[in-house]
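Engineer: this one's sequence-less:
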């Protein structure tokens, strides 16, 4: 049996509830994913396959070559797999902070939001925090790569200064490659001058 996502996602959070231990059948259930609404899983066994693309879509493999789609819903999943769901990791939290042009200084609005972001991240002790820096398309690709990393490192430092374990917090730069708002070269766009913060 193989599982492939239409978008990148963690199998545990998508809940391919793969219950091979529940012989004689293996069952897969696709749980809702707020961060990846178009997620999908393909359940395949010796050429037979079923695509699960909607929350709570389910499939069962009883023996090689047989994949049976099933109907289920949130209540049924909770009833059957409540204990398993209780130990599932919490979904990734996502935050965005924005910068003044040309540097690593947060906008006044994002500076005001910073305390709330730090507090909410602090509610997830021990998890990984990834700070991803971005730029708009003003400047060269090389300078924007450098600037995006500087932005990520500046925000990472703010986390460390507030008591977060430095080993938990990574900083990476994406330059101008992943804009929220696509633009032509040399067009300033405030929404692209940002860091994304993933707490997981």
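Structural biologist: Ah, there it is. Nothing here was measured: the structure is a model prediction, and the numbers come from that model. Numbers count the residues shown, from 1 in each chain.
Engineer: Now the longest helix that the chain contains: buried residues?
Structural biologist: Longest helix in the chain by number of residues (criterion: DSSP state H): helix 141-161. Neighbour-count burial for helix 141-161 flags 144-145, 147-156, 158-159 (criterion: 16 or more other C-beta atoms under 10 Å). To be clear about C-beta, it is placed using only N, CA and C from the backbone, and glycine gets the same treatment.
Engineer: same question, stretch 117-136
Structural biologist: In stretch 117-136, residues buried by neighbour count (16+ other C-beta under 10 Å) are 117-118, 121, 124, 129-136.
Engineer: Keep only those of the residues you listed that are in helices.
Structural biologist: 117-118, 121.
Engineer: from the residues you listed, which single one is nearest residue 42?
Structural biologist: Residue 42 lies nearest to residue 121 out of these, by C-beta to C-beta, at 34.3 Å.
Engineer: if you skip the residues just before and after it, what's nearest to that closest one?
Structural biologist: Excluding its sequence neighbours, the residue lying closest to residue 121 (C-beta to C-beta, 6 or more residues apart in numbering) is residue 199, at 4.7 Å.
Engineer: can you tell me which residues contact the one you found?
Structural biologist: 92-95, 120-121, 124, 127-129 (C-beta atoms under 8 Å, 6 or more residues apart in numbering).
Engineer: Can you give me the domain assignment for this structure?
Structural biologist: The chain breaks down by automatic domain parsing into domains covering 11-86, 93-199.
Engineer: can you list those domains in JSON lines and add mean pLDDT?
Structural biologist: JSON lines is the format used below for the domains of the chain (pLDDT from 0 to 100):
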{"stretch": "domain 11-86", "mean pLDDT": "77"}
{"stretch": "domain 93-199", "mean pLDDT": "96"}
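Engineer: From residue 109, how far off is residue 190?
Structural biologist: Taking C-beta to C-beta, to the nearest Å as the measure, residue 190 falls 10 Å from residue 109.
Engineer: Which one of those two is surrounded by more residues?
Structural biologist: residue 190 (14 against 9; other C-beta atoms under 10 Å).
Engineer: Name the nearest residue to that one, sequence neighbours excluded.
Structural biologist: residue 98 is the one closest to residue 190 (C-beta to C-beta, 6+ apart), at 6.3 Å.
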